[in-house]
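> okay, sequence plus prediction incoming.
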Amino acid sequence: MSDLLNRYGMVLTALFVILTGFWLLALVVLPNLYLFENSFRPYLPVAEIGGPKDVYSLNNYLTFFQSPIHISVFVWTVIYSALVTVICFLIAYPLAYGLAKVSARALLPTIFLLLFIPLWVSEVLRSFAWFIILALRGPLNAGLLGLGIIEDPVRWIMGFRGVIIGLVYTYVLFMLFPLYNAIQSLDTNQIEAAEDLGAPWWRIHWRVILPHAKPGIASGAVMVFMLSAGSILVPTLLASTNSRWFTEIIQQWMFESQDWNTGSAYAFLLLILCTVFVSVAMRVFRVKLSDIAK
Amino acid sequence: MRQPRRSDWLFHLYLVLFLVYMILPLVVMGGAAFNDSRFPSIYPWVGWTDRWFVELWADRRMWTAFFNTIWVALAVVALSVPIGTAGAILINSIAGRTRSLIYALMVAPILTPGAVIGISTLLFWNGFSVPAGLHLSVLGQVSYIAAFVMLLVLARLQSFDRGLEEAALDLGASHAQVMRRILLPHLYPAIGAGAAIAFFQSIENFNVTLFTRGTYDTLTVYVFSKVRTGITPTINALALLLIAVTLVIAVLYEVARRRRAALAAALEPRG
């Protein structure tokens, strides 16, 4: 702090502190505390706020724990988000390894340019694209029928299938880039040394490359899981009648019931879920927060 | 350099398949903008048309949403760039446990679902009787977008030679001069990249905006509500235009990057 004062003087240092303070207090910490506080208060008409009925209780959370439907939606959201994370890893790992260690350096900028385009196209359009492709009379079924691979059109948007296809497509790049960065920093000599010493390829991956890629795996897994569990667009556009996502229930409380208090209790549960996932990932992969957020 | 081997073609096949998987859906979506069918699809192909572009152009609600989006994005850039830069300079000068705590608070919004950010922003400002609207969308978006700027600027600060500042101070420069003439010029590439990322992140944002927007539309919200109710290929026309803009910016960026790289190579001292 005194270092800042020496270099930039009173005025600028005060400016830095005020800007950062506004960010962290008014935009991050206080809103979340407020969310937490509101989740314990009852939903009341405006006239009764602050009145005798406005007392703290666990009722909003009990609403969740007493509703088997909401619990099951929550659990399935967790399970399918985890599944999406695993699928993204399986797709992205060979690619990240190849890009980092196999492909020709000169091609990389072009490949990344091609990959950045879908990344910069908004999420709503990416799920909309799959909405078109997966339609019962859509191009995918037409193509597969034409090739003779299937005999009847497949109802792709059934159960959680459409949601999973959409989420994997939308978020796989969030797994690819951290993995690539991590593997890229591995000294290729280490791989060659393992090869010279006679290690089979799977063992090289298991003992040399994967351990080195840990921060990348943690970072990618946290991002993909958080984005999937918190996704609103993909589950709304690609869900069928029997697949509901936890964010849709939060939306119901906020918009249809206009019950912001129960809504904030549910939002807080989602926040807890993601916090738990981040801390588990940090434990399992033995990485720091600064390794994850890059 | 590694020796090429037989399994390499397998990787290249996989790479091509992956690129097709990433890009083909966008082509399908864009292609449907030219199909003369009520429902957006490229199959069955009814015939070429440009009516969806004409309809899009005439859609007043789309234009309102478009200008809202641009205003929000500009406001997000104007707020998150100074905030993120100040945060990076501040955290770079502290150490120990305070640093870890503040750092955690700064990156936490990146790891928070957008719905949570949106709802907490809405509730908090409602406590001060600030109604929902695009101004709250801006504040909600800044809370996590400033973190991206902070990370970029912080990375750039690692390569900064602090001796330059000391030399300038010793030679009698004022604090403001040190900031404007020495620190900021070093940070400009990171600040520029941060501004670009902030702009695009804001345009793309849906989750935070959905909860904070009140009754206003942004482009993502407009597309979303169109897809849910009364879907027509005008959305595909809009998608195609947005992808085209993205493509042009990406290519321009790449050309500029190659030119810089070529320039740097030419300036390299020989021998």
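Sure, I can see it. Residues are numbered from 1 along each chain as shown, chains lettered A, B, ... in the order given.
> for the stretch 101-250 of chain A, which residue gets nearest to chain B?
Using CB to the nearest CB, the single residue of the stretch 101-250 of chain A nearest to chain B is A:Gly230, 2.6 Å away. Any C-beta I mention is one placed from the backbone N, CA and C, and that applies to glycine too.
> quick one, what contacts whichever residue of the stretch 101-250 of chain B sits closest to chain A?
Among all residues of the stretch 101-250 of chain B, B:Pro113 sits closest to chain A, at 2.6 Å; criterion: CB to the nearest CB. B:Pro113 is in contact with A:Met226, A:Leu227, A:Ala229, A:Gly230, A:Thr247, A:Leu270, A:Leu271, A:Cys274, B:Asn207, counting by CB atoms under 8 Å, 6 or more residues apart in numbering or on different chains.
> repeat that for 10 Å
Going by CB atoms under 10 Å, 6 or more residues apart in numbering or on different chains, B:Pro113 touches A:226-232, A:246-247, A:250, A:267, A:270-271, A:273-274, B:119, B:207-208.
> go on, B:Glu254?
B:Glu254 makes contact with A:Pro109, A:Thr110, A:Phe112, A:Leu113, A:Phe116, according to CB under 10 Å, 6+ apart.
> quick one on the thing from earlier: the residue of the stretch 101-250 of chain A closest to chain B and B:Ile117: what is the separation?
As for A:Gly230, its distance to B:Ile117 is 9 Å (criterion: CB to CB, to the nearest Å).
> between these two, which contacts overlap?
With CB under 10 Å, 6+ apart, A:Gly230 and B:Ile117 have common neighbours A:Ala267, A:Leu271, B:Asn207.
> want to throw those residues into JSON lines with distance to A:Ile217?
As requested, these are exported to JSON lines (distance: CB to CB, whole Å):
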{"residue": "A:Ala267", "distance to A:Ile217": "28"}
{"residue": "A:Leu271", "distance to A:Ile217": "23"}
{"residue": "B:Asn207", "distance to A:Ile217": "25"}
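> these in helices, which ones?
Counting by DSSP state H, the shared contacts of A:Gly230 and B:Ile117 place A:Ala267, A:Leu271, B:Asn207 in helices.
> with adjacent residues omitted, what lies nearest to the residue of the stretch 101-250 of chain A closest to chain B?
What sits nearest to A:Gly230 in space, not counting adjacent residues and going by CB to CB, 6 or more residues apart in numbering or on different chains, is B:Pro113, at 2.6 Å.
> now do A:Gln251
Closest residue to A:Gln251 apart from its sequence neighbours, by CB to CB, 6+ apart: A:Ile232 at 6.9 Å.
> and the one you found, how many residues sit next to it?
Residue crowding around A:Ile232 was assessed by other CB atoms under 10 Å in any protein chain shown; the count is 23.
> is it true that B:Tyr21 touches A:Ile133?
No - B:Tyr21 lies out of contact with A:Ile133 (CB atoms under 10 Å); the separation is 11.2 Å.
> which neighbours do the two share?
Counting by CB under 10 Å, 6+ apart, the shared contacts of B:Tyr21 and A:Ile133 are A:Tyr169.
> who's more crowded, those two?
When neighbours are counted by other CB under 10 Å, B:Tyr21 and A:Ile133 differ, and A:Ile133 comes out ahead with 24 against 14.
> and A:Glu37, which of the three is it?
Secondary structure for A:Glu37, judged by DSSP: H, G, I helix; E, B strand; the rest coil, is helix.
> show me what contacts the residue nearest to B:Phe206 when sequence neighbours are not counted?
Distances taken as CB to CB, 6+ apart place B:Thr220 nearest to B:Phe206, at 4.3 Å, with adjacent residues excluded. B:Thr220 makes contact with A:122-125, A:233, B:65, B:69, B:203-207, B:209-210, according to CB under 10 Å, 6+ apart.
> what do you get if the cut-off is 6 Å, keeping everything else the same?
Counting by CB atoms under 6 Å, 6 or more residues apart in numbering or on different chains, B:Thr220 makes contact with A:Ser122, A:Val124, B:Phe206.
> same check, this time on A:Ile117
Counted by CB under 6 Å, 6+ apart, A:Ile117 has contacts B:Thr246, B:Ala250.
> how close does it get to B:Ile249?
Relative to B:Ile249, A:Ile117 is positioned 10 Å away (CB to CB).
> over to B:Trp48: give its phi and psi.
Backbone torsions for B:Trp48, taken as degrees, to the nearest 10, come to phi -70, psi 140.
> quick check: closest non-adjacent residue to it.
In space, B:Trp48 is closest to B:Phe34, 5.5 Å off (CB to CB, 6+ apart).
> just A:Ala194 next, same as before
Excluding the flanking residues, the one nearest A:Ala194 by CB to CB, 6+ apart is A:Ile204, at 4.7 Å.
> helix, strand, or coil at that neighbour?
What three-state DSSP gives for A:Ile204 is helix.
> A:Leu237 reaches A:Arg126, doesn't it?
No - taking contacts as CB atoms under 6 Å, A:Leu237 lies outside contact range of A:Arg126: 9.9 Å.
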